[in-house]
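Participant: Predicted model follows, preceded by the sequence.
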Amino acid sequence: MGLRAQHSNGFCLLQVEDSRIDAAGAIAFKEAVRQASEGGQDDVLLDLGAVDFIDSSGLGAVVAVMKALGPDRRLHLAGLRPAVAKVFRLTRMDSVFTIHATVADALKDAA
Amino acid sequence: MGKTVFSLSFTATPLAVRRGLLAFETYLAGLPIASERRDSICIVLAEALNNITEHAYPNATGPIWLRAQVQGHQFIATLRDRGAALPAGLLPQPGPGTGHSAPNPTDLPEGGFGWHLIRSLADGLDHARFAQWNELRIIFRNAVPSPPLP
């Protein structure tokens, strides 16, 4: 799982570089996010702009990532493409996560 | 336009399912189906294939056979596997009012979304058990604006 990490405006910004978060990649995704975010205090902003497709296993992995961050760090999502946004909407997970249209919007909101 | 019938068999593993779905997406992109609807079809197929991998073949793997085609305005996908029979009651007709809702997001479930997505996005589901095979037929109504030319 390709994941590019940087710190920006008080966020741990994680850019997913793979085009799918699916059953074949869900475990690697969880592990990559855990490694990239552990030890920090910042909220995590997950940039999904390169992700064309997510299935229920991938969605479960995103939920697991949020739980692993604990109560003091939020998980923000940005850049949801149409098929990904549809999965979040139909499962009502769009009400659980803080979703920003773009990474730039998320950083601006935090500034 | 690409050919109107898609047929592919592969092994029920997550990686083979991913490769099968990528081939299916390429086929689907050649059909006159709106991109929003193509997304829905791909989501349903992915969940149905994951179910086979996880539940029909829980301790081993086995073959999956996927066939899809346009029939008039409908798009129909048929999945076959030789795994465990689908539990009775898992397959009510999709649509509102069937008594099946999404998991409550405030419970933060990490699973249980698959059938909900299938029921939400497919217009018809038919399951049959033939000998040792499961056959799941998934129907998407009004997916194709006009029948393809002969």
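Facilitator: Happy to help now that I have it.
Participant: Now do the helices in chain B.
Facilitator: Using DSSP state H, the helices of chain B run over B:14-29, B:35-51, B:114-121.
Participant: tell me what the helix or strand of chain A at the bottom of the mean pLDDT ranking is packed against?
Facilitator: Lowest by mean pLDDT, DSSP states H and E among the helices and strands of chain A is helix A:103-110, with a mean of 89. The contact analysis (3 or more C-beta pairs under 8 Å, 6 or more residues apart in numbering or on different chains; DSSP states H and E) places helix A:103-110 against strand A:11-16, strand A:43-47, strand A:75-78. Using the backbone N, CA and C atoms, a C-beta is placed for each residue, glycine as well.
Participant: could I get those as a markdown table with mean neighbour count and distance to B:Asp39?
Facilitator: Shown next, in a markdown table, are the helices and strands packed on helix A:103-110 (neighbours: other C-beta atoms under 10 Å in any protein chain shown; distance: least, C-beta to C-beta, whole Å):
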| stretch | mean neighbour count | distance to B:Asp39 |
| --- | --- | --- |
| strand A:11-16 | 22 | 18 |
| strand A:43-47 | 24 | 20 |
| strand A:75-78 | 22 | 18 |
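Participant: so what's A:Gly58 up against?
Facilitator: Neighbouring residues of A:Gly58 by C-beta atoms under 8 Å, 6 or more residues apart in numbering or on different chains: A:20-23, A:25-26, A:29.
Participant: which residue is nearest the centroid of the chain?
Facilitator: Looking at chain A here, since you left the chain open. A:Leu46 (3.2 Å; C-alpha atoms, centre = their mean).
Participant: To clarify, I was referring to chain B.
Facilitator: B:Leu45 (3.1 Å).
Participant: Quickly check: stretch B:35-47 near chain A or not.
Facilitator: Yes. Contact of stretch B:35-47 with chain A is found when judged by C-beta under 8 Å from any C-beta of the partner chain, involving B:35-36, B:39-40, B:42-43, B:46-47.
Participant: So among these, which ones count as buried?
Facilitator: B:39-40, B:42-43, B:46-47 (16 or more other C-beta atoms under 10 Å in any protein chain shown).
Participant: From the residues you listed, pick the one nearest B:Gly30.
Facilitator: Nearest to B:Gly30 among those, counting by C-beta to C-beta, is B:Cys42 at 13.9 Å.
Participant: about what we covered before: would you format the helices of chain B as TSV with mean pLDDT included?
Facilitator: Formatted as TSV, the helices of chain B follow (pLDDT from 0 to 100):
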stretch	mean pLDDT
helix B:14-29	97
helix B:35-51	97
helix B:114-121	93
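Participant: follow-up on the earlier one: can you tell me which two in the residues of stretch B:35-47 next to chain A are farthest apart?
Facilitator: B:Ser35 and B:Glu47 (19.0 Å).
Participant: Check which residues of the lengthiest helix in chain A are buried.
Facilitator: Counting by DSSP H, the longest helix found in chain A is helix A:56-69. Using 16+ other C-beta under 10 Å as the test for burial, helix A:56-69 gives A:56-66, A:69.
Participant: Closest one of those residues to B:Glu25?
Facilitator: A:Gly58 (15.8 Å).
Participant: Check what pLDDT the closest one gets.
Facilitator: Per-residue confidence (pLDDT) for A:Gly58: 96.
Participant: What residues are bridge-paired with the closest residue in space to it that isn't next to it in sequence?
Facilitator: Ranked by C-beta to C-beta, 6 or more residues apart in numbering or on different chains and with sequence neighbours excluded, the top spatial neighbour of A:Gly58 is A:Ile21, at 3.3 Å. A:Ile21 forms beta bridges with A:Ile54, as assigned by DSSP bridges.
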